[in-house]
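Participant: Okay, here's the prediction I keep looking at, along with the sequence it came from:
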Amino acid sequence: MDTSMDDGEERRPIDICPKSKRNQRACLMCSLVKTHEQFLKDGCDNCDAFLHLRGDVYKVDECTSSNFTGIIAVMDPSDSWVSRWQHVDKMTPGCYAMSVSGKLPGNIVESLPVRYRSRDTSVMQ
């Protein structure tokens with residue numbers, strides 16, 4: 001879990017949580033919930049190494065969804081049964097959607113260095 005920023009500043013879990021109830025989106029890869037502006041400014045704290053959302057409006061729109069259900073707040077992912085159940089126990093602390101509607105575009109899935117597992121529980125996989 002790396003919460004350090006590029007300029008050496010340490011990020012606190014509260015910095016990762018959505019700053020507003022408006023314009024919230026969830027990452028289609030890991031289900032982290034942030035505002036559109038936070039994804040655009042900081043990228044996804046778990047997936048930006050391969051999704052490259054930071055500064056790219058198109059990628060933020062393609063790789064996140066405003067259609068999600070439930071939010072869980074995770075402070076210590078490695079010590080939480082809810083984190084294990086939601087498959088976020090190796091992710092950074094923050095707020096996570098329980099289910100995210102939608103899927104990553106095929107061209108992005110093909111370029112991923114890790115296995116993609118959809119977070120959409122509304123359809124059978």
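Facilitator: Arrived safely.

Participant: For the spatially most central residue of the chain, list the residues it contacts.
Facilitator: Geometric centre of the chain, nearest residue: Leu32, 2.7 Å, by C-alpha atoms, centre = their mean. When contacts are counted by C-beta atoms under 8 Å, 6 or more residues apart in numbering, Leu32 touches Ile16, Ala26, Cys44, Asp45, Asn46, Cys47, Met91, Thr92, Gly94, Cys95, Tyr96. From N, CA and C alone the C-beta is placed, and that goes for glycine too.

Participant: Repeat that for Glu62.
Facilitator: By C-beta under 8 Å, 6+ apart, the contact list for Glu62 reads Leu104, Pro105, Ile108.

Participant: go on, His52?
Facilitator: Gly43, Lys59.

Participant: where do the strands sit along the protein?
Facilitator: 24-27, 33-35, 64-65, 68-74, 94-100 (DSSP state E).

Participant: What helices and strands are in contact with the third one?
Facilitator: Secondary-structure packing of strand 64-65 (3 or more C-beta pairs under 8 Å, 6 or more residues apart in numbering; DSSP states H and E): strand 24-27.

Participant: what is the mean pLDDT for the strand it packs on?
Facilitator: Averaged across strand 24-27, pLDDT comes to 96.

Participant: strands paired with that strand, and their directions?
Facilitator: Here strand 24-27 has these sheet partners by DSSP bridges: strand 33-35 (antiparallel), strand 64-65 (antiparallel).

Participant: Same list, those strands, but as a markdown table with distance to Asp56 please.
Facilitator: Below are these laid out as a markdown table (distance: least, C-beta to C-beta, whole Å):
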| stretch | distance to Asp56 |
| --- | --- |
| strand 33-35 | 15 |
| strand 64-65 | 11 |
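
Participant: Show the contacting residues for Ser80.
Facilitator: Val74, Asp89.

Participant: can we see that at 10 Å?
Facilitator: If you count contacts by C-beta atoms under 10 Å, 6 or more residues apart in numbering, Ser80 has them with Ile72, Val74, Gln86, Val88, Asp89, Pro93.
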